[in-house]
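J.: coords please:
(one chain, ligands or ions: 1)
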Amino acid sequence: MKKECCETKPSTIAIDGPAASGKSTIGAIVADRLAYVWLDTGIMYRAVACEALETGVSIDDEKAVTQLAEKLDVDVLPATVNDGRQFDVLINNKDRTWEIRSNEVNGSVSEVSVYPGVRVAMTELQRKIASKGDIVVLGRDIGTVVLPNADLKIYLDASIEVRAQRRLLEELARANQLDLQKTIEMLRHRDVIDSSREHAPLKAADDAILINTDNLTIDEVVDKILKIVQNWTKKEAN
Ligand code: CDP
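T.: I've put the predicted structure just below:
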């Protein structure tokens, strides 16, 4: 049988991990350094929760939230407003860049992410986008469910205290009133829902490379991942 022998770089890179483990920041830099596209699947689940809240659909109404997810149009485009944003997030053509980061969305995104129909709709879309390759995909279930055949799988982790400190700094920078204890409780609440749901729970794939980022700077984590990418060789096809 013909062997695939000549790829020298992983074309699909999955980066999973819990809330505030650094995925979004690190994933965007890694993609930029490799000149790859990047897909932050958290934005898609946030968009579902945000649109439900904006349009008065009850978060508990699984059927209505699923229907909304199936029709949702989410775009991530270069920033058009100079207000600290990295990019524009458009939901059904409306700018919702900051709304998807609100406390209300933080408080309901994990609930909508449990619904199997929502996950099916998002997973289909994510696979379609990733099929073009040369992409870094960030999420909770990318290495396990969305792209089980990803060329490279990384799982970023950090203690709840370190993650809460990072998230608190982000929130304070946006003038959101929060304290450390409240941030820890919020992250713990999402960790529990994300890890215990029946479909596609937050979990490291068996073949993922684990990186604990507690004592590492963003640059150190990026360097580690880029070294792994450099040393990557494609496993021979059977
Ligand atoms: O940015 P942060 O780490 O807080 O979270 P996120 O990556 O934006 O994801 C927000 C939420 O979406 C998570 O807590 C999960 O409930 C859900 N999510 C998911 O279920 N599956 C994914 N692949 C990505 C996010």
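
J.: roughly how far does the most centrally placed residue in the chain sit from the ligand?
T.: Computing the C-alpha centroid of the chain and ranking residues by C-alpha atoms, centre = their mean puts residue 139 first, at 3.1 Å. For residue 139, the distance to the ligand (C-beta to the nearest ligand atom, to the nearest Å) stands at 3 Å. (Each C-beta comes from the backbone N, C-alpha and C, glycine too.)

J.: got it, and residue 65?
T.: When distance is defined by C-beta to the nearest ligand atom, residue 65 is 13 Å away from the ligand.

J.: which residues are contacting the host helix or strand of that residue?
T.: Residue 65 is part of helix 62-71 when elements are defined by DSSP states H and E. Contacts with helix 62-71, where a contact means C-beta atoms under 8 Å, 6 or more residues apart in numbering, come from 48, 51-52, 55, 57-59, 112, 115, 117-118, 121-122.

J.: rerun that using 7 Å as the cut-off
T.: With C-beta atoms under 7 Å, 6 or more residues apart in numbering as the test, helix 62-71 has contacts from 48, 51-52, 57-59, 112, 115, 117-118, 121-122.

J.: show me what from this protein comes close to the ligand.
T.: 19-20, 24, 41-42, 45-46, 109-110, 113, 139-141, 190, 194 (C-beta under 6 Å from any ligand atom).

J.: next, residue 38: secondary structure please.
T.: The assignment at residue 38 comes out as strand when based on DSSP: H, G, I helix; E, B strand; the rest coil.

J.: now it: closest residue in space that isn't a chain neighbour?
T.: Closest residue to residue 38 apart from its sequence neighbours, by C-beta to C-beta, 6 or more residues apart in numbering: residue 31 at 3.6 Å.
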